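Asks: need a 3D model of the sequence below.
(one chain, ligands or ions: 1)
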Amino acid sequence: MNQAALILIKPDGLKKSLTGNILTRLSETKLEIVAAKMVRVSKPLAEEHYRHLKDKPFFPEIIKYLQGELHDRKKVMALVYWGKDAIKKCRELAGATNPEEADPTSIRGSYGRITTGGIYENVIHVSSDEKDAEREIKLWFSPDEIIVDLYPAREVIEKEHKASAWAQ
Ligand code: TYD
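Replies: As a prediction, the model looks like this:
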């Protein structure tokens with residue numbers, strides 16, 4: 001069954017120059033990349049992304065982590081992978097949430113670490129199921145940024161929408 005999965009290369013992955021390695025590992029899945037962009041993560045976006053963890057003691061730290069405040073890299077790379085069993089395939093390559101428990105050959109097992117404060121810096125985010133994937137993809141991307149029609153969208157006419165254009 002074709003599925004979509006949100007992948008985030010988190011600020012530690014970017015700081016450690018792992019983008020190429022991670023994309024190479026993910027290419028083993030033979031899935032299609034249908035959206036990709038660099039994002040400066042606002043606090044509301046990070047809080048909404050991790051809203052299922054808002055009561056956890058480590059919540060403030062993972063918000064700072066996703067925003068790049070722990071790595072001096074205020075950005076993440078967001079991608080949507082699409083194809084057969086996309087979530088299972090990407091999660092297998094990513095490995096377990098806790099990098100110490102992750103298969104050592106997985107992305108998190110190879111490159112993740114636990115900070116002295118106990119936060120799992122695990123380099124990459126992968127949606128955990130189809131429901132989460134839909135919620136997350138709609139949070140990180142607009143329909144126009146995805147090159148296939150993943151979910152029903154409606155047309156909107158934006159009036160007085162302030163945007164930037166090239167000066168020349
Ligand atoms: P979670 O959504 O449970 O896992 P996953 O990212 O594998 O879907 O957790 C979100 C992030 O929070 C996780 O990638 C790393 C961090 N985290 C910790 O630092 N400590 C923890 O005990 C847990 C559960 C998560």
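
Asks: and residue 125, bridged to which residues?
Replies: For residue 125, the beta-bridge assignment (DSSP bridges) gives partners residue 8.

Asks: ok, it to residue 156 distance?
Replies: Relative to residue 156, residue 125 is positioned 28 Å away (Cβ to Cβ, to the nearest Å). Using the backbone N, CA and C atoms, a C-beta is placed for each residue, glycine as well.

Asks: so those two - more neighbours on which side?
Replies: Taking residue 125 and residue 156 together and counting by other Cβ atoms under 10 Å, residue 125 has the greater number of neighbours (22 against 8).

Asks: which residues sit in contact with that one?
Replies: Contacts for residue 125 were tallied using Cβ atoms under 8 Å, 6 or more residues apart in numbering; they are 6-8, 10.

Asks: can you list the residues of the protein near the ligand?
Replies: Contact residues, the chain versus the ligand (Cβ under 6 Å from any ligand atom): 50, 53, 58, 62, 97, 119-120, 122, 125, 128.

Asks: from these, which land in strands?
Replies: Of the residues of the chain next to the ligand, the ones assigned to strands by DSSP state E are 120, 125.

Asks: buried members of the residues of the chain next to the ligand into ChimeraX, please.
Replies: Restricted to buried positions by 16 or more other Cβ atoms under 10 Å, the ChimeraX selection for the residues of the chain next to the ligand reads:
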select :50,62,120,122,125
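
Asks: inside helices: which ones of the residues of the chain next to the ligand?
Replies: With helices defined by DSSP state H, the entries of the residues of the chain next to the ligand inside them are residue 62.
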